[in-house]
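Participant: coords please:
(chains A and B)
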Amino acid sequence: MFVRIKNYPTRSPWLSDIMDFDRTMQNVFGDMVDSMPVTRHGSYPLFDLAEYENESVLVAELPGVQKEDIKISIDNGYMSISGERKAYDMPEQSTWVRNEIRTGKFNRTIELPHKVDSNKISAELKNGILRITLPKAETIKPREIRIK
Amino acid sequence: MTRNEIMKRSDNKPLPTFSHYERKVIPLTDIIEKENGYTVRVDMPGLDKESIKIKVDGDMLHVTGSTGQYHDNDPKILVREIAPKVYEREFQLGNEIDRSKISGEYDMGVLTITCPKAEEAIPKVIDVKVK
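Facilitator: Next up is the predicted model:
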């Protein structure tokens, strides 16, 4: 089987610097450069963080990872997502034609955008997407104060 | 004044941003050749099984799937690394593959396509009796 190769991301020492630059550009120009392709690089997994009124939701891509192999921990305003994507068994008398999927351990630490009610955090893994709901701590929720 | 406020329209509806457009992504792929066929593993997280299309067109195997939006109700995006996307990749099939027996399975965000070789393409070991 011959595989058509289109432009493909490679990993090199300076690539992560470019990706950092890409992220800086994204911070400066926001959605203007959002359509730039963000490929696999040093930071894994890739994620989105969205803020709602009462909670934030983190959505991360973790294809091929079992629920049991993911660990989420929160410490002092930082959350880390770590785990392992297990390598696939190679059947006997088989050979690689193409191997792009990386397996092995990963670890990423994220600064939380606000104080979190750590007892109410929930996480769900579905179709390779990890969704973590981070409810805001009561003390920082917007509140209306009535005047007596 | 934040960027979002600057970019408001006169009727107060939010402007369409680039993030509303799906972008095309070439998914990472593993291909393994076994004695009786090929296993193709494609990383496509975030799809519904129904949105995946595998098409065999002559010598080409065409795989596509669309994630849809990751967030509801237009929240404030603090970090954006995984905008909605359309996965798309093509593979050229060898003559030895039995087109009618190609099958796919989606699990944990990984699409596994099994491409069995035709019976006559699998090397057979025959014991020849010696009289």
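
Participant: Quick check: beta-bridge partners of residue A:50?
Facilitator: residue A:57, residue B:77 (DSSP bridges).

Participant: and it, how many neighbours?
Facilitator: 21 (other CB atoms under 10 Å in any protein chain shown). Glycine gets a C-beta too; all of them are placed from N, C-alpha and C.

Participant: quick one: contacts for it?
Facilitator: By CB atoms under 8 Å, 6 or more residues apart in numbering or on different chains, the contact set of residue A:50 is A:56, A:57, A:58, A:59, B:70, B:71, B:75, B:76, B:77, B:78.

Participant: Quick check: it vs residue A:124, distance?
Facilitator: For residue A:50, the distance to residue A:124 equals 15 Å [CB to CB, to the nearest Å].

Participant: And residue B:73, by the same measure?
Facilitator: 18 Å.

Participant: What of residue B:38?
Facilitator: In terms of CB to CB, residue B:38 sits 33 Å off from residue A:124.

Participant: neighbour count winner among those two?
Facilitator: Remark: of residue B:38 and residue A:124, residue B:38 carries more neighbours, 23 against 10, as counted by other CB under 10 Å.

Participant: residues in contact with the closest residue to that one other than its chain neighbours?
Facilitator: Distances taken as CB to CB, 6 or more residues apart in numbering or on different chains place residue B:115 nearest to residue B:38, at 4.4 Å, with adjacent residues excluded. Applying CB under 8 Å, 6+ apart to residue B:115 gives the contacts A:1, B:37, B:38, B:39, B:40, B:61, B:93, B:97, B:101, B:102.

Participant: Which among those residues count as buried?
Facilitator: A:1, B:37, B:38, B:39, B:40, B:61, B:93, B:97, B:102 (16 or more other CB atoms under 10 Å in any protein chain shown).

Participant: helices and strands around the host helix or strand of residue A:84, which ones?
Facilitator: Taking DSSP states H and E as the definition, residue A:84 sits inside strand A:78-85. If you count contacts as 3 or more CB pairs under 8 Å, 6 or more residues apart in numbering or on different chains; DSSP states H and E, strand A:78-85 packs onto strand A:70-75, strand A:104-111, strand A:129-135.

Participant: For residue A:98, which residues count as its bridge partners?
Facilitator: Where residue A:98 sits in a bridge, its partners, by DSSP bridges, are residue B:31.

Participant: these two touch, right, it and residue B:38?
Facilitator: No - using CB atoms under 8 Å, residue A:98 is not in contact with residue B:38, being 10.1 Å away.

Participant: list residues touching both of the two?
Facilitator: residue B:31.

Participant: if you skip the residues just before and after it, what's nearest to the closest residue to chain A within chain B?
Facilitator: In chain B, the residue found nearest to chain A is residue B:109; the distance is 1.6 Å by CB to the nearest CB. In this structure, residue B:109 finds its nearest non-sequential neighbour in residue A:128, 1.6 Å apart by CB to CB, 6+ apart.

Participant: burial measure for residue B:124, as a count.
Facilitator: 6.
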